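**Q** can't give you the sequence, but here's the structure:
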């Protein structure tokens, strides 16, 4: 490709935009080719119009058909082979092995949703026989705009969790690629387009738009035919989309995962028992992937004596390697964030060395009083730094926990005695986060049925959702009920005979039985 | 009571407000005593603070304890006897029999939620055993503000569906009474307070605030300790709360049911078969309760020949009784709404007679072209009027259906042949409404597990919710997951042994079994 990259609108490569942008290799510190065209207002409109037209067909596909589509996408991603991994690495600076793992995560997600909709019980069919006869099912919302994330060029981007969940639900998708990895996005979008063709899905079930300016995303967000927005990224970006979407003439839901500081509480007994080990594990979690995870432990709290733990942290932090970040903008924000913390009175406990193009791991410290007086100190600094808060006794610890903003995760390390003594802390943290972790680290989000990747504002909006795991599908659905419908107009999931053999709530009782 | 009525804040009758208001008897056309005090900013704050404190205890009650509370409320409402029914009738102008039925609906709702949380599977427990071990459950959001509706002084007010669902979920409630029926609200709130005391619930689990000005509701909506808002009423009122709640520093969800015109499509075959009968039934549905239902059929559509049907409508409408409406404001809005339709070119097909204090049933008509050119013509006129649109053939019918705004309900009358021929109409209407009705009328909302009382904007926000039926409980919950928790910190619902014997999703399979 020497020509600038195009929008993939249904089956058409559309190259109308005159404005272009380039991705940047953070490792090689150079601009990458080809450049990509910024989508025009006309192209954005065309992609959404096509997605809306495709929805009228796509919503009628059954679970097995959509599962075949999702599996074909997974196969197509695997078939891209090294080209995809190399491209993603060049654009993101992430190591090849990390990206191979992320590719597996991406294809596994697609297959997990394929399994879910093949089995079919996810639609939550509810039948009340009586007068009237009422039957409820979840139906897809319509056209979903997916905004790709910077830090997961595969798993939270073009064919990532949001797209997989939306397509599984029966929604069509217009994806806005993250401008940091347009070529990676292009390759994956081509795989989706091919999979759609192979499995007989309507043209426009998926389109990819590029744009490095805020305008592209905003134009997409205000389109009247859009039904929902999914976003993973910064608070600033998510909040801007939320504000736009809630002020439309017809407001639409925004499912924005906007990050978190993921507080980790270390209780006294366990610190005494294995303070050194925990310090080493904490630094591993903190610096994994140069700290570029939504679940990175950006805040940790202790109370009482913690000598070996803090000594080990301070001793080891300086020797940790610096690393290149996803984009120069993210690196700049990281360094500015640390500078602001220092200016606001945070004490630097230790910092690694690195060249100007790399992010150096760092540990800082503030008091509980500082944290409560200035909540901004506890806002996310995206990258490999963490802020220590030393509480004077459990009461101060509880006050601090109660003052925390919403989080994706909250973690407690403790012995059984610690945990039994601090059951009140679990109680407080349950109100603060979507995922509570005991004696582990928040990084690493399992993709399964029980996972919650979400939490109270400002972690996500709304809190009642998850962007990871099979429950993520419900963000893109709403319930509808059919009253006194003749059998021939009912979807199979709601027919008396239960032809799909799914679990249903029959007059309040779970059952796989047919209705008499 | 001769003193002005007070706020019921926890166990305290608070009478700090100097501003008072009175309810008005639409039947007797006179102001009612006692007057009621408008809640002050300080009282509003105290009610929410108390509710937040109560939440920390109430959220730990189990399903059986909360069920006992809900059942005690139901019993308390029954024990109020004729006083409640007479008071509600005086304040609303609704007939005694209608209110007796509404009382049954209210107590049945409370008992249905009691049964739901006694059984316990509603929490959607999901367990993935593995590394990590992840277990998900629904938890209550916190303090919910419930705004009572004008048209159901019992079933959608103080102890109505929103309060029942929120209390069942484990949320505490601050209710803002509708100013049209403060005394009714006061009686029910006293019953709730008594039930809370009898069943050992924390003080502040429920409080009642009065206010006839917009300020009361707005002050409540911006309180930082509020977690969600539930509202049933006008689009204007719901939209104002939505705007306030989404612009808070920490936005909170608003579950607003804002009404609907509930289009009814009459297909040619069935009109031919029984046009007269349908006309009679339609007028019954239209004028029931003086048309004061969210599900009132405010719009009906025909195509092709419909002689007997339209003739019967026009012949019978004039003879229908006028009736008194809930408040002078609602009557005024009804008459203004009809005036605006006429001014905008709607033709009056027929109108009943009535005195100045009553709403007279009316039928008007516009063309498809008028409806599509001016969507405001199809907005709700709350009361016993309906707007007929005559389409020229099925294509125009489909265009009109596709142009409709979001609705609570959409109804089709047709023979089997009609319905098979117009399957496309069902398909279009599914995107427009939360409930689809075949050969029935939209008025009458069954309270069961499968009901959906909600729909796309502007019917409700968000579309993914229902304010009637057991699924209404999920509006006041969010999922949380526990990762690698020791057994002694897990809630019973998520413990290996399944002590509550509930249905759970174990590694993706529904089961009531214990985990090995």
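**A** Sure thing, it's come through. Please read all numbers here as calculations on a predicted model, not as lab measurements. Residues are numbered from 1 along each chain as shown, chains lettered A, B, ... in the order given.
**Q** Which helix in chain A has the most residues?
**A** Counting residues, the longest helix found in chain A (DSSP state H) is helix A:96-119.
**Q** Show me how far the helix or strand just after it is from its chain's centre.
**A** Past helix A:96-119, heading to the C-terminal end, the next element that is a helix or strand (DSSP states H and E) is strand A:126-128. Here strand A:126-128 is found 33 Å from its chain centre; the criterion is CA atoms, centre = their mean, to the nearest Å.
**Q** So which bits of strand A:126-128 are buried?
**A** Buried residues in strand A:126-128, defined by neighbour count with 16 or more other CB atoms under 10 Å in any protein chain shown: A:126-128. C-beta: built from backbone N, CA, C; applies to glycine.
**Q** any chance of those in TSV, plus distance to residue B:268 and pLDDT?
**A** As requested, the buried residues of strand A:126-128 are exported to TSV (distance: CB to CB, whole Å; pLDDT from 0 to 100):
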residue	distance to residue B:268	pLDDT
A:126	33	98
A:127	31	98
A:128	31	98
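**Q** And the residues you listed, which is closest to residue B:21?
**A** Closest to residue B:21 out of these is residue A:128 (41.0 Å), distances taken as CB to CB.
**Q** how about that closest one, what does it touch?
**A** Applying CB atoms under 8 Å, 6 or more residues apart in numbering or on different chains to residue A:128 gives the contacts A:134-135, A:507-508, B:446, B:448-451.
**Q** rewinding a little: so how far is the longest helix of chain A off the chain centroid?
**A** Averaged C-alpha coordinates place helix A:96-119 at 14 Å from its chain's average position (CA atoms, centre = their mean).
**Q** And stretch A:427-445, by the same measure?
**A** 16 Å.
**Q** got the buried residues for the longest helix of chain A?
**A** Using 16+ other CB under 10 Å as the burial criterion, the residues of helix A:96-119 that qualify are A:99-100, A:102-103, A:105-107, A:109-119.
**Q** In the stretch 251-400 of chain A, what residue spans correspond to helices?
**A** For the stretch 251-400 of chain A, the helices defined by DSSP state H, counting those that start in this stretch cover A:268-287, A:307-317, A:328-343, A:368-373, A:394-403.
**Q** of those, which approaches chain B most closely?
**A** Nearest to chain B, of all these, is helix A:394-403, at 10.1 Å by CB to the nearest CB.
**Q** From what I see, residue A:222 and residue A:247 are in contact.
**A** No. Checked against CB atoms under 8 Å, the pair residue A:222 and residue A:247 is beyond contact range at 9.2 Å.
**Q** circling back: closest to residue A:79 out of the helices of the stretch 251-400 of chain A?
**A** Across those, closest to residue A:79 is helix A:328-343 (CB to CB), at 30.6 Å.
**Q** Closest residue of the stretch 251-400 of chain A to chain B?
**A** residue A:253 (5.6 Å).
**Q** since we're on that residue, how many residues are nearby?
**A** Residues lying near residue A:253 (other CB atoms under 10 Å in any protein chain shown) number 25.
**Q** which residues sit in contact with it?
**A** Each residue near residue A:253 by CB under 8 Å, 6+ apart is listed here: A:141, A:228-229, A:245, A:462, A:475, B:462, B:464.
**Q** hmm, 6 Å instead?
**A** A:228, B:462 (CB atoms under 6 Å, 6 or more residues apart in numbering or on different chains).
**Q** what do you get for residue A:151?
**A** A:292, A:326.
**Q** What's the separation between it and residue A:104?
**A** Relative to residue A:104, residue A:151 is positioned 17 Å away (CB to CB, to the nearest Å).
**Q** what's the helix or strand for the nearest residue to residue A:195 once chain neighbours are set aside?
**A** Nearest non-adjacent residue to residue A:195, counting by CB to CB, 6 or more residues apart in numbering or on different chains: residue A:72, 3.6 Å away. Using DSSP H and E, residue A:72 falls within helix A:63-79.
**Q** mind pulling up the phi and psi values for the nearest residue in space to residue A:407 that is not next to it in sequence?
**A** Ranked by CB to CB, 6+ apart and with sequence neighbours excluded, the top spatial neighbour of residue A:407 is residue A:433, at 4.2 Å. For residue A:433, the backbone dihedrals (degrees, to the nearest 10) come out as phi -140, psi 160.
**Q** residues touching the nearest residue in space to residue A:65 that is not next to it in sequence, list them.
**A** Of all residues not flanking residue A:65 in the chain, residue A:199 sits nearest, at 7.0 Å (CB to CB, 6+ apart). Neighbouring residues of residue A:199 by CB under 6 Å, 6+ apart: A:68-69, A:72.
**Q** Kindly report the residues of the stretch 351-500 of chain A close to chain B.
**A** Contact residues, the stretch 351-500 of chain A versus chain B (CB under 6 Å from any CB of the partner chain): A:426, A:430, A:434-438, A:440, A:446, A:448-452, A:457, A:462-464, A:478-485, A:489.
**Q** quick one, domains of chain A?
**A** Following automatic domain parsing, one finds the domains of chain A at A:40-121+A:139-258+A:466-472, A:264-449.
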